[in-house]
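[1] sequence plus predicted model, see below.
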Amino acid sequence: MPTTIPIGLNVNGIRHELNVEPRWLLVDVIREQIGLTGTHIGCEHGVCGTCTVLVNGETARSCLMLAATADGAEITTVEGLSTGETLHPLQAAFREAQGLQCGFCTPGMLMVAHELLRENRSPSEQEIRESISANLCRCTGYQGIVDAVGLAASSQASAPAAR
Amino acid sequence: MATTERRWIGKDIPRLEDPKLLAGRATYTDDVKLPGMLHTAVLRSPHPHARIARIDTSRARALPGVFAVATGEDAKEMTNPLPAFCAEPVVQYCLAVDKVRFVGEAVAAVAAVDRYTAEDAVALIDVEYEPLPVITDPFEAMKPGAIKLHDPLPSNLAFEKTLSFGDVAADFAGADRVIRRKLRWHRASAQPLETAGAVCRYDPITQKMDVWSNTNMINYVGWLIANTIKVPAAKLNIYPMYVGGSFGSKHVLGKIIGIASMLAKRSGRPVKFMEDRVDNLIASENLACDRFYDAELAVAKDGVFKSIRVKVVDDYGAYFQFGHGTHGNALAQVTGPYRMGSFEYTVQCVLTNKCQQGVFRGAGSDAGNFCLERLVDAAAQELGIDRVEIRRRNFIAPDRFPFKTPCGNVYDSGNYPAVLDRALEMSGFAELKRMQAEARAQGRYVGIGLATAHQRSVYGPTEFWFWYDSPGLTTAPESVGLSLGPTGEFVVTMFSPFWGNSPETVVAQTVGEEFGIDPSQVTVTYEDSQHALPGAGPGGSRMTVMLTGAVAGAARKLKDKLSRIAAHQFEAAPEDIVFADGGAMVKGSPDKSMSYGDLGLKAYWYKLDLPPGMESGLEARHTYDHPYLTKPSADRKDLGAFYPMMAHGAHVPVVEVEPATGRVRFLRYVAVHDVGTIVNPKSLRGQITGGITQGIGMALYEQSAYDADGQPLTASFMDYLLPTAQEVPRFEIGHVETPSPFTEYGVKGGGEGGRMIAPAAIASAVEDALAPFGVRVDEVPLTPERIVKLVEAARR
């Protein structure tokens, strides 16, 4: 059997000590070993963005990253956005503006939008479109997603306490 | 109908499905994890056509972590051929038996402790192929003497038929002009972001097979899958999963369930097989129709259409899974929204060395609309009649419904002029023309598209068999269970899965409407196939109609019992009981009322307060059959009503084309749809914008391409291009509501309209933009390369 190496990942604030094969992708470790299945696999070749997570605060495609190279990283997945029964304001905005249908690309879209709104508190429609354009959605035609991110930006502006 | 007061149907409520999807807590197929579960990888053929001389799996079997390997020999022994929805002898197994017929066909499969090990093992399988001549051109494939893909067939022309209705010859002879176009609709592919997959668990003692899969039609085809995987139908249980998009591509999934079931039987462990993206792009049930049209429209000089004659060659790839169902589908609306006395439709289904066709949103009616609307635009041009005017002259008038088409299909209702008017008004059509003239004066190529086309809804199964003499299935029902618990809470049980749309929201709104409660208070659950009532599942834009119908039927049954309980309590007549404001009351006597909580408690635990002889509990189950389906006549001169809930739409896209680069940019996109009574405007809007986006893909980017040697050229998302947020404009969506007389609340289906209409509209827009060159658009997708070539050819 292939050998494994020890790594540590801090996922959504919880520290995990793991033994992984060097070739295992980050997404597979998150899903199979840590058991967080909210991060989905769409293409496994870095085009669709479905598997996007935050690694040390920056969006990353967890299908293009080896888990071993994430050793020591702080990782946020979609499960880390909501708190208990309360959706994150960004998730609530996605619901309000119908930024989703089947929900499969949604976790990746949320992560990209999360990063955008941290860096740009009032993005224009074109800026939103640019930021999500590396993520594919097959259901919505993107309009609901663009509206949701815009809505989240405006509610963020009126409620600066949002994470 | 418009005066009916409705509290919840038609209201823009937030979807019930959303919170768990947003929180990442819905269970999709790949999220299923069972103790001891193994993972699958598949070895796929690199050859488009070859005999399998020898397979040696010994090195793979010897790899630590590998529990089972299966090949075509095993498939022949352990499974039956996959379900095929045609009568022709085209046999397909889940793993290739003796021969491979397309690149990507599954040759062997491995189950191992994880996917990595399974892929290692696949690399250790040795296969010796004897390559055979390859046929990729359907016209070559049809020729006598061409090498046959399937020995039991007389030729690669798997099916050929002409159906004719009305006096086509006389209508053509009497026409002032015949408009003829040869059109090409290339093969696209559904590509939901979730690939197809299954987890199978087999118990050899009881012979029970449990399947967790994103197959959509768990009850409609589950019993056929049982036959394929050789377990008794009663011992097969398919669990409905949350599905990450289907768009028609996950109706059966026999290949996937077949492979996982064999490996589960062999290994004695649960086995998961999730396709990867390459599997899905080149070997799933994803690829759509691939058609060559030769079509003629007979017209009078005043622009009135007389008849249409369509000859279509369809390249089916290597197998015939859904037969000519997509042509039956197109027949439902072959004459579109226009009056015509007759039509003739000739189809030739040809087998070639490519992955077999499956179904993709639109299911053949998308291509049919493209064909018809191209002819209509051509007629307008050739006769010098404005393309809005020629449509108006031929629309079926709003007072002519229900309308019987030449082949016998019925259109339930419609107001096509109103839909067109709304689209023209929203787009500011006259102003657009001024803007276009200004742009042209500046050397910019701006085009205005127009398509006024149908979107048949509510699938009827006769389209699969009216081609033959012998009859087939005659219903496609949907069922629900509806209960009111002892605490006054409503629970709806569905028997078809969430497939990426809004079934939970639809049933909750309907319960809210029927019982006067807030839909957010309704709990919705799904039941597995062993506990199911009849259901066909999602497909053919049917679920909103079928679920509202099923819930309305169950509500009537439940209300009947509630009325009798309340009437007994108040010594009133059951027919005097009304339901509103959270309970039941005697009409005109608000003091005589019971909340749903009181009624639930009585019904479950106060037997002695119930009318004598009434059984305890409050549950109603209802099966809603297709609401308007009639049998084809024995001589097939009348195909019967098979797709009668006829929705309609008008699209006006405005594009700018760069002739030098072939780039197409959207300046506007207006779409007006009439899908009868709207249940949830928000979810309908999502269907329309998502559907148009797929239509943009079909019109401009998406093609599952093969080279002349049968090698797939689009085996990744780098090559198969889906529209992104940058290519898609902000859509302007309008509605007209013409209720259906045949369905509960007047609802029609709206799931496919965007993709059915957009390609025709965009083709028209690009042609209009390039009109200064005299370019004629006869082919989609209009990739940059094709546009540049069209312009170059026109310039020569």
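    That came through, no problem. Residues are numbered from 1 along each chain as shown, chains lettered A, B, ... in the order given.
[2] residue 84: neighbour count?
    Looking at chain A here, since you left the chain open. 5 (other Cβ atoms under 10 Å in any protein chain shown). The way it works is simple: take the backbone N, C-alpha and C, and place the C-beta from them, glycine included.
[3] my bad, chain B
    For residue B:84, the neighbour count with other Cβ under 10 Å is 20.
[4] then residue B:665?
    Around residue B:665 there are 12 residues (other Cβ under 10 Å).
[5] tell me the contacts of it?
    The neighbours of residue B:665, taking Cβ atoms under 8 Å, 6 or more residues apart in numbering or on different chains as the test, are B:655-658.
[6] what's the distance between residue B:240 and residue B:182?
    Distance, residue B:240 to residue B:182, using Cβ to Cβ, to the nearest Å: 44 Å.
[7] compare those two and say which is more crowded by neighbours.
    Under the neighbour definition other Cβ under 10 Å, residue B:240 and residue B:182 were set side by side, and residue B:240 has more, 26 against 11.
[8] now do the more buried one, the pLDDT please.
    Residue B:240 is assigned a predicted lDDT (pLDDT) of 97.
[9] and the nearest residue to it once chain neighbours are set aside, what does it touch?
    What sits nearest to residue B:240 in space, not counting adjacent residues and going by Cβ to Cβ, 6 or more residues apart in numbering or on different chains, is residue B:497, at 3.5 Å. Residues near residue B:497 by Cβ under 8 Å, 6+ apart: B:214, B:216, B:218, B:240-243, B:526, B:537-538.
[10] which residue does chain A bring closest to chain B?
    Going by Cβ to the nearest Cβ, chain B is nearest to residue A:38 of chain A, at 2.1 Å.
[11] these two touch, right, that residue and residue A:77?
    Yes - using Cβ atoms under 8 Å, residue A:38 is in contact with residue A:77, at 5.7 Å.
[12] thinking again about what came up before, among the contacts of residue B:665, which lie within helices?
    Using DSSP state H to define helices, no part of the contacts of residue B:665 is located there.
[13] the residues you listed: which two are farthest apart?
    B:655 and B:658 (10.4 Å; Cβ to Cβ).
[14] who touches both of those two?
    B:664-665.
[15] more neighbours: which of these two?
    Set residue B:655 next to residue B:658 and count neighbours by other Cβ under 10 Å: residue B:655 wins out with 28 against 16.
[16] for the nearest residue to that one once chain neighbours are set aside, give me its contacts.
    Sequence neighbours aside, residue B:765 is the residue nearest to residue B:655 in space, at 4.5 Å (criterion: Cβ to Cβ, 6+ apart). Residue B:765 makes contacts with B:447-449, B:653-655, as judged by Cβ under 8 Å, 6+ apart.
[17] for residue B:695, state which of those is nearest.
    Using Cβ to Cβ, these come closest to residue B:695 at residue B:653, 9.5 Å.
[18] quick check: bridge partners of the closest one?
    Listed beta-bridge partners, residue B:653: residue B:669 (assigned using DSSP bridges).
[19] what residues are up against the closest residue in space to the residue of chain A closest to chain B that isn't next to it in sequence?
    Excluding its sequence neighbours, the residue lying closest to residue A:38 (Cβ to Cβ, 6+ apart) is residue B:24, at 2.1 Å. For residue B:24, the contacting residues are A:36-39, A:77-79, A:107, by Cβ under 8 Å, 6+ apart.
[20] is it true that residue B:24 lies in a helix?
    No - assignment of residue B:24 by DSSP: H, G, I helix; E, B strand; the rest coil gives coil, placing it outside any helix.
[21] correct me if wrong: residue B:297 contacts residue B:304.
    No - counting by Cβ under 8 Å, residue B:297 stays clear of residue B:304, with 11.0 Å between them.
[22] who's more crowded, those two?
    Just comparing residue B:297 and residue B:304: by other Cβ under 10 Å the higher neighbour count belongs to residue B:297, 28 against 16.
[23] where's that one relative to residue B:748, distance?
    27 Å.
[24] tell me where chain A has strands.
    Counting by DSSP state E, chain A has strands at residues A:5-11, A:14-20, A:52-55, A:58-61, A:74-76.
[25] now these in JSON lines, with mean neighbour count?
    Shown next, in JSON lines, are those (neighbours: other Cβ atoms under 10 Å in any protein chain shown):
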{"stretch": "strand A:5-11", "mean neighbour count": "16"}
{"stretch": "strand A:14-20", "mean neighbour count": "13"}
{"stretch": "strand A:52-55", "mean neighbour count": "24"}
{"stretch": "strand A:58-61", "mean neighbour count": "18"}
{"stretch": "strand A:74-76", "mean neighbour count": "21"}
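[26] closest to residue B:389 out of those strands?
    The nearest among those, by Cβ to Cβ, is strand A:52-55 at 50.2 Å.
[27] so which elements touch that closest one?
    helix A:26-28, strand A:58-61, strand A:74-76, helix A:106-119 (3 or more Cβ pairs under 8 Å, 6 or more residues apart in numbering or on different chains; DSSP states H and E).
[28] looking at those, which is closest to residue B:15?
    With Cβ to Cβ as the measure, helix A:106-119 is the member of the helices and strands packed on strand A:52-55 nearest residue B:15 (12.2 Å).
[29] tell me the buried residues in that closest one?
    Neighbour counts using 16 or more other Cβ atoms under 10 Å in any protein chain shown place A:106-117 of helix A:106-119 among the buried residues.
[30] which ones among the residues you listed come in contact with chain B?
    Subset of the buried residues of helix A:106-119 in contact with chain B: A:106-107, A:110, counting by Cβ under 8 Å from any Cβ of the partner chain.
[31] domain ranges for chain A?
    Following automatic domain parsing, chain A resolves into domains at A:5-80, A:89-158.
[32] which residues touch the residue nearest to residue B:720 when sequence neighbours are not counted?
    By the measure of Cβ to Cβ, 6+ apart, the closest residue to residue B:720 outside its immediate chain neighbours is residue B:714, 3.9 Å from it. With contact taken as Cβ under 8 Å, 6+ apart, residue B:714 is in contact with B:189, B:281, B:703-705, B:720.
[33] change it to 10 Å
    B:187-189, B:191, B:281-282, B:702-706, B:720-721 (Cβ atoms under 10 Å, 6 or more residues apart in numbering or on different chains).
[34] and residue B:621, by the same measure?
    Applying Cβ under 10 Å, 6+ apart, the residues contacting residue B:621 are B:479-483, B:493, B:495, B:533, B:550, B:553-554, B:557-558.
[35] tell me where the model's unsure across chain A.
    Counting by pLDDT under 70, chain A has low-confidence residues at A:1, A:159-163.
[36] for it, what's the longest helix?
    Max-length helix for chain A by DSSP H is helix A:143-158.
[37] packing partners of that helix?
    Packing partners of helix A:143-158 (3 or more Cβ pairs under 10 Å, 6 or more residues apart in numbering or on different chains; DSSP states H and E): helix A:89-96, helix A:106-119, helix A:125-132, helix B:681-696.
[38] out of those, nearest to residue A:31?
    Minimum separation from residue A:31 across these (Cβ to Cβ) falls at helix A:106-119, 11.4 Å.
[39] same for the closest one, what does it pack against?
    Checking 3+ Cβ pairs under 10 Å, 6+ apart, helix A:106-119 ends up next to strand A:52-55, strand A:58-61, strand A:74-76, helix A:89-96, helix A:125-132, helix A:143-158, helix B:18-22.
[40] pull that helix out as PDB, backbone CA atoms only.
    Provided in PDB are the C-alpha atoms of helix A:106-119 (Å, rounded to 0.1, in the frame of the first residue of the first chain):
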ATOM      1  CA  THR A 106     -23.500  26.800  -4.700                       C
ATOM      2  CA  PRO A 107     -20.700  26.100  -2.100                       C
ATOM      3  CA  GLY A 108     -18.000  27.100  -4.600                       C
ATOM      4  CA  MET A 109     -20.000  30.200  -5.600                       C
ATOM      5  CA  LEU A 110     -20.500  31.200  -2.000                       C
ATOM      6  CA  MET A 111     -16.700  30.900  -1.300                       C
ATOM      7  CA  VAL A 112     -15.900  33.100  -4.300                       C
ATOM      8  CA  ALA A 113     -18.500  35.600  -3.400                       C
ATOM      9  CA  HIS A 114     -17.300  35.600   0.200                       C
ATOM     10  CA  GLU A 115     -13.800  36.500  -0.900                       C
ATOM     11  CA  LEU A 116     -15.000  39.200  -3.300                       C
ATOM     12  CA  LEU A 117     -17.100  41.000  -0.700                       C
ATOM     13  CA  ARG A 118     -14.200  41.000   1.700                       C
ATOM     14  CA  GLU A 119     -12.000  42.700  -0.800                       C
END
